[in-house]
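Participant: Test case, fold it:
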Amino acid sequence: MRQPYRLGLTGSIGMGKSTTAGFFRDMGVPVWDADAAVHRLYGKDGAAVGPVAALCPEALRDAAIDRAELKRWIARDPTALAALESVVHPLVAQDREAFVASLSGPLVVLDIPLLFEVGAQVDGVLVVTAPENVQRARVLERPDVNEAQLDAILARQMPDAEKRARADFVIETTDMDSTRAAVQKLVRRLEAEHA
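Facilitator: Residues are numbered from 1 along each chain as shown. Next comes the predicted model:
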């Protein structure tokens, strides 16, 4: 069985990844979501619960991982993030590969916020982007994010310009109708090329 074309979907916070992924789903394209995979792995009896609890026992709550406790651990221990990633990234990759292996269509979207940072294996990269003022407004509408938190998040992420330079495809997400149209055009192209 032929593997589908793996389109990696990425972009900085507030750039419209979730909305864009939804447009792919609307067209019947399977979408694997890295963040959702991590939630499953950390959830009750998830595959990451045991290994993560071995690193940070205080994060274990009711056979699941307490993400708030993980954040506190990472904040106080400079080695914590690397240790956590060394355990979680291989489990996320296994989840992704199992999802892709279950498919028979010509195209799959892999929604991976840190695609470039983790080096995920994809056939092409789609970066979603928006002007900085739009990005900031979107993120600051979230009830749990303030200016300082946003600046800290952006400081840890690869700059948008660098992501766009490394992309195979770029979609501007300022206007939802044009974003949807761009997704539809890209899907038609990739499905025709990889049918």
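
Participant: how about the helices of the protein, start to end?
Facilitator: 17-26, 34-42, 49-55, 67-76, 80-101, 115-118, 132-140, 147-156, 160-166, 176-193 (DSSP state H).

Participant: Any chance of those in a markdown table with distance to residue 4 and mean neighbour count as columns?
Facilitator: In short, each C-beta sits where N, CA and C put it, glycine included. Below are these laid out as a markdown table (distance: least, C-beta to C-beta, whole Å; neighbours: other C-beta atoms under 10 Å):
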| stretch | distance to residue 4 | mean neighbour count |
| --- | --- | --- |
| helix 17-26 | 12 | 18 |
| helix 34-42 | 17 | 18 |
| helix 49-55 | 30 | 17 |
| helix 67-76 | 31 | 14 |
| helix 80-101 | 7 | 15 |
| helix 115-118 | 17 | 17 |
| helix 132-140 | 30 | 15 |
| helix 147-156 | 31 | 12 |
| helix 160-166 | 22 | 14 |
| helix 176-193 | 10 | 15 |
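
Participant: Switch the ones you listed over to TSV, and while doing so, append mean pLDDT to every line.
Facilitator: Listed next are the helices of the chain as TSV, based on pLDDT from 0 to 100:
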stretch	mean pLDDT
helix 17-26	97
helix 34-42	96
helix 49-55	97
helix 67-76	92
helix 80-101	94
helix 115-118	87
helix 132-140	94
helix 147-156	88
helix 160-166	96
helix 176-193	96
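
Participant: and of those, who's closest to residue 9?
Facilitator: Smallest distance to residue 9 across the helices of the chain (C-beta to C-beta): 6.1 Å, for helix 17-26.

Participant: who touches that closest one?
Facilitator: The contact list for helix 17-26, computed with C-beta atoms under 8 Å, 6 or more residues apart in numbering, reads 9-11, 31, 33, 109, 111, 113, 126, 128, 171, 173, 176, 179-180, 183-184, 187.

Participant: related to what we said a few turns ago, what would the helices of the chain look like in a markdown table with distance to residue 3?
Facilitator: As requested, the helices of the chain are exported to a markdown table (distance: least, C-beta to C-beta, whole Å):
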| stretch | distance to residue 3 |
| --- | --- |
| helix 17-26 | 18 |
| helix 34-42 | 19 |
| helix 49-55 | 28 |
| helix 67-76 | 32 |
| helix 80-101 | 7 |
| helix 115-118 | 18 |
| helix 132-140 | 33 |
| helix 147-156 | 32 |
| helix 160-166 | 23 |
| helix 176-193 | 14 |
